[in-house]
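**Q** A structural model of the following input is requested.
(one chain, ligands or ions: 1)
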Amino acid sequence: MAVTRAAGEEVLLSLSDIRRDYVLGQARVEALRGVSLRIHRGEFVAVWGPSGSGKSSLMNILGLVDAPTSGEVSLEGVPVGKLSDNALSDLRSRKVGFVFQSFNLVPVLSALENVMVPLQIQGVGASEARARASQALQEVGLENQSSARPDKMSGGQRQRVAIARALVTAPSIVVADEPTANLDTENSYRVVELMRELNRSKRVTFIFTTHDPRLLDLVDRKLLLKDGLLQTDETVR
Ligand SMILES: Nc1ncnc2c1ncn2[C@@H]1O[C@H](COP(=O)(O)OP(=O)(O)OP(=O)(O)O)[C@@H](O)[C@H]1O
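**A** This is a model prediction of the structure:
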């Protein structure tokens, strides 16, 4: 049973006193130093802050890719720290979509085949995977590029394919670490606007990191990280 804060404010992800240390030889880096946070279903959230403030470390923990050194993460009320590796990867593949800075598309596959990949990993049959991938490409406005290979597409188009790939499994949350870092200003804005539209139309929760303060105008909530701590947590609309 997921925790609710108020009507319509279901807690999707909850982080409690998260610490993440990295040990390099004799040195210990404290990347996250006690972050507590609740992300509600349907929110559109940006994490910003200086380089080295812990944004990627936080995103890896929110996306269930990395485990904290201490503290507790719950997704839809399930404490994930107690899950076996298999149960955790199953949960991640069903509930979390990822968008990466460098798109991470498979170069030898078409746009459509790239979007089919997460479904095939889940064991969905080819014809259903094709139909769902085609629908996802349509939702990002790329239905006429389905047979194009990534190297024939612009950066903005590649990131839209990656967004379709993240959404095709109907995840609860999409985690995007610097999704606009390799895009020019106009395409950056367009990609975040597209995520915003999909957030509204599909009620998928999005959380992304950025260095670009202009993109913060498009979000519901801004989390400022500094030195591994949540400095401010501002809901803007
Ligand atoms: N795998 C790792 N091993 C050792 N130290 C790491 C590792 N990953 C991150 N760090 C360190 O942890 C701190 C936080 O890094 P992190 O990448 O989370 O910050 P960031 O805000 O995403 O930075 P950037 O904006 O430059 O990507 C930094 O001091 C970084 O050097």
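**Q** need the contact list for Arg196.
**A** Listed by CB atoms under 8 Å, 6 or more residues apart in numbering, the contact partners of Arg196 are 44, 206, 218-219. Yep, even glycine has a C-beta here, placed from its N, CA and C like the rest.
**Q** looks to me like Ile61 is in a helix.
**A** Yes. Ile61: assigned to a helix according to DSSP: H, G, I helix; E, B strand; the rest coil.
**Q** on that earlier part again, CSV for the contacts of Arg196, including distance to the ligand and neighbour count?
**A** Below are these laid out as CSV (distance: CB to the nearest ligand atom, whole Å; neighbours: other CB atoms under 10 Å):
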residue, distance to the ligand, neighbour count
Phe44, 20, 20
Phe206, 17, 27
Leu218, 19, 16
Val219, 17, 26
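**Q** format those as CSV; extra columns: distance to Arg132, pLDDT and secondary structure.
**A** As requested, those are exported to CSV (distance: CB to CB, whole Å; pLDDT from 0 to 100; DSSP: H, G, I helix; E, B strand; the rest coil):
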residue, distance to Arg132, pLDDT, secondary structure
Phe44, 23, 97, strand
Phe206, 20, 97, strand
Leu218, 27, 93, helix
Val219, 28, 95, coil
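**Q** nearest to Thr180 among those residues?
**A** Leu218 (10.9 Å; CB to CB).
**Q** out of everything not next to it in sequence, what's closest to that closest one?
**A** Of all residues not flanking Leu218 in the chain, Val192 sits nearest, at 5.1 Å (CB to CB, 6 or more residues apart in numbering).
**Q** surely the one you found touches Leu215?
**A** Yes. Counting by CB atoms under 8 Å, Val192 touches Leu215, with 5.1 Å between them.
**Q** and the residue nearest the centre of the chain, what does it touch?
**A** With distances taken as CA atoms, centre = their mean, Val175 lies nearest the centre of the chain, 0.8 Å away. By CB under 8 Å, 6+ apart, the residues touching Val175 are 59, 62-63, 96-99, 207-208.
**Q** any idea how far Ile39 is from the closest residue to it other than its chain neighbours?
**A** Spatial nearest neighbour of Val175, excluding adjacent residues (CB to CB, 6+ apart): Gly63 at 3.9 Å. Distance of Gly63 to Ile39, given as CB to CB, to the nearest Å: 12 Å.
**Q** next, give phi and psi for the closest residue to Gly228 other than its chain neighbours.
**A** Leaving aside its chain neighbours, Gly228 sits nearest to Arg33 (3.9 Å; criterion: CB to CB, 6+ apart). With angles defined as degrees, to the nearest 10, Arg33 sits at phi -120, psi 40.
**Q** show me what Arg33 is bridged to.
**A** Applying DSSP bridges to Arg33 gives these bridge partners: Arg19.
**Q** that one contacts Leu230, doesn't it?
**A** No. Arg33 lies out of contact with Leu230 (CB under 8 Å); the separation is 9.8 Å.
**Q** out of the two, which sits in the busier spot?
**A** Taking neighbours as other CB atoms under 10 Å, Arg33 and Leu230 compare with Leu230 leading, 21 against 15.
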